[in-house]
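Asker: Provided below for reference: sequence and predicted model.
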Amino acid sequence: MQIISDSLLLSEQNKKILQAQLDSSISEEKINRLSEQNKIKALEVNRKNNQIIIVVISMGLISLFVYYLYKRKQNIQRSTHQKELLIQQKNATIEIINAEEKERKRIASDLHDGVGQMMSAAYMNLQALKDQLKTISPDDAELFSKSLSLVKESCDEVRQVSHNMMPNALLVKGLAKAVQEFIGQINQRNLKINLSTEGIFQSLPTHVEGVLYRVIQESVNNVIKHAGASLLDISINQSEDGIDVMIEDNGKGFEIGRIHKEGIGLSNIKSRIHYLGGTVEWNTSPGNGTLVAIYIPLTQKVNKSND
């Protein structure tokens with residue numbers, strides 16, 4: 001009986017052990033299941049967080065891209081506006097230069113055909129009257145002769161002013177011939193002038209020729225008045241891209257800061273060249289002469305225009 005009782009007790013204990021093991025296995029399974037569920041929830045939370053992060057980053061990138069497109073459109077519009085403004089300013093400048101040249105041409109024509117013709121007629125009448133006045137006193141004859149000389153000088157002066165304002169060679173033969181004729185009128189006993197041209201096979205636009213002629217004329221006059229030079233070299237070279245003008249003298253030079261002062265005429269030269277989109281530079285110092293370097297670009301559009 002004792003053995004049976006011990007067996008039952010042992011069996012009962014085994015059942016308890018098995019039940020405990022079963023309960024432990026169930027608990028472990030529940031724990032594993034809860035752990036899996038927690039992992040799944042964590043993954044879902046991470047996935048949602050990642051989705052939120054991706055959405056936020058995407059929205060930020062889209063905002064940046066939209067802002068970039070907006071700024072780019074603004075820059076393009078600003079650049080286009082500036083280009084249009086520059087074109088308008090350039091066209092307005094060309095119109096001003098053309099109007100100025102037309103006004104010069106009109107004044108020159110009025111001087112030549114109006115005042116010049118009347119002065120020439122007055123001179124011819126006085127010349128004819130001189131042959132008839134044989135009984136006047138020596139003093140009156142001398143006065144008449146001086147008056148006749150003054151009229152003759154006035155005729156020459158009017159003719160010279162008319163030619164300088166609008167040389168016929170500039171209208172008919174172009175820049176090189178006009179500059180050559182202008183130089184030919186200068187007394188070269190004290191100032192020797194050398195002119196070289198290269199590549200000028202076709203006519204330049206009218207406004208370009210007019211500005212360059214005035215600039216060369218002004219530069220030569222500055223050399224005559226201020227430089228005290230004995231030699232002046234002028235070169236005019238044209239290429240497909242633009243035209244170069246070099247004016248160099250061996251005179252006394254000047255302080256480069258004088259370019260910005262009034263009364264020397266250099267600011268006028270600078271503004272005229274800038275009107276054409278070109279550049280002008282002076283290389284000079286006291287005692288070392290002066291070099292004026294001018295460059296004017298010639299675009300395809302400008303080359304085709306002679307207005």
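Answerer: Good, I have the coordinates. This one's a predicted model, so the numbers in the text were calculated from it and none came from an experiment.

Asker: how about the strands in the chain?
Answerer: 192-198, 231-238, 242-249, 279-284, 290-297 (DSSP state E).

Asker: can you tell which of these is closest to residue 219?
Answerer: strand 242-249 (4.8 Å; CB to CB). In this view, the C-beta of every residue, glycine as well, is placed from N, C-alpha and C.

Asker: Okay, angle between that closest one and strand 290-297 too, please.
Answerer: If you take axes from the mean of the first three to the mean of the last three CA atoms, to 10 degrees, strand 242-249 sits at 170 degrees to strand 290-297.

Asker: I'd like the mean pLDDT over strand 242-249, please.
Answerer: Mean per-residue pLDDT for strand 242-249: 90.

Asker: re earlier: how about JSON lines for the strands of the chain, with distance to residue 25 and mean neighbour count added?
Answerer: Shown next, in JSON lines, are the strands of the chain (distance: least, CB to CB, whole Å; neighbours: other CB atoms under 10 Å):
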{"stretch": "strand 192-198", "distance to residue 25": "107", "mean neighbour count": "14"}
{"stretch": "strand 231-238", "distance to residue 25": "104", "mean neighbour count": "18"}
{"stretch": "strand 242-249", "distance to residue 25": "97", "mean neighbour count": "20"}
{"stretch": "strand 279-284", "distance to residue 25": "96", "mean neighbour count": "16"}
{"stretch": "strand 290-297", "distance to residue 25": "94", "mean neighbour count": "19"}
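
Asker: Could you export the ones you listed to JSON lines, including columns for distance to residue 122?
Answerer: Converted to JSON lines, those look like this (distance: least, CB to CB, whole Å):
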{"stretch": "strand 192-198", "distance to residue 122": "35"}
{"stretch": "strand 231-238", "distance to residue 122": "37"}
{"stretch": "strand 242-249", "distance to residue 122": "39"}
{"stretch": "strand 279-284", "distance to residue 122": "43"}
{"stretch": "strand 290-297", "distance to residue 122": "42"}
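
Asker: Compare these and give me the one nearest residue 26.
Answerer: Taking CB to CB as the criterion, strand 290-297 is the member of these that comes nearest to residue 26, at 94.1 Å.

Asker: pLDDT on the closest one, on average?
Answerer: The model assigns strand 290-297 a mean pLDDT of 90.

Asker: What strands flank it, and is each parallel or antiparallel?
Answerer: In the sheet, strand 290-297 lines up against strand 242-249 (antiparallel), strand 279-284 (antiparallel) (DSSP bridges).

Asker: mind checking which of those is nearest residue 14?
Answerer: Taking the strands paired with strand 290-297 one by one with CB to CB, strand 279-284 is closest: 111.1 Å.

Asker: Report the distance from that closest one to the chain centre.
Answerer: Relative to its parent chain, strand 279-284 has a centroid offset of 16 Å by CA atoms, centre = their mean, to the nearest Å.

Asker: and that strand, C-alpha only, in PDB?
Answerer: Taking C-alpha atoms only, strand 279-284 is exported to PDB below (Å, rounded to 0.1, in the frame of the first residue of the first chain):
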ATOM      1  CA  THR A 279      36.200 100.300 -76.000                       C
ATOM      2  CA  VAL A 280      38.800 103.100 -75.900                       C
ATOM      3  CA  GLU A 281      42.000 103.100 -73.900                       C
ATOM      4  CA  TRP A 282      44.800 105.700 -73.500                       C
ATOM      5  CA  ASN A 283      48.300 104.700 -72.700                       C
ATOM      6  CA  THR A 284      50.300 107.700 -71.800                       C
END
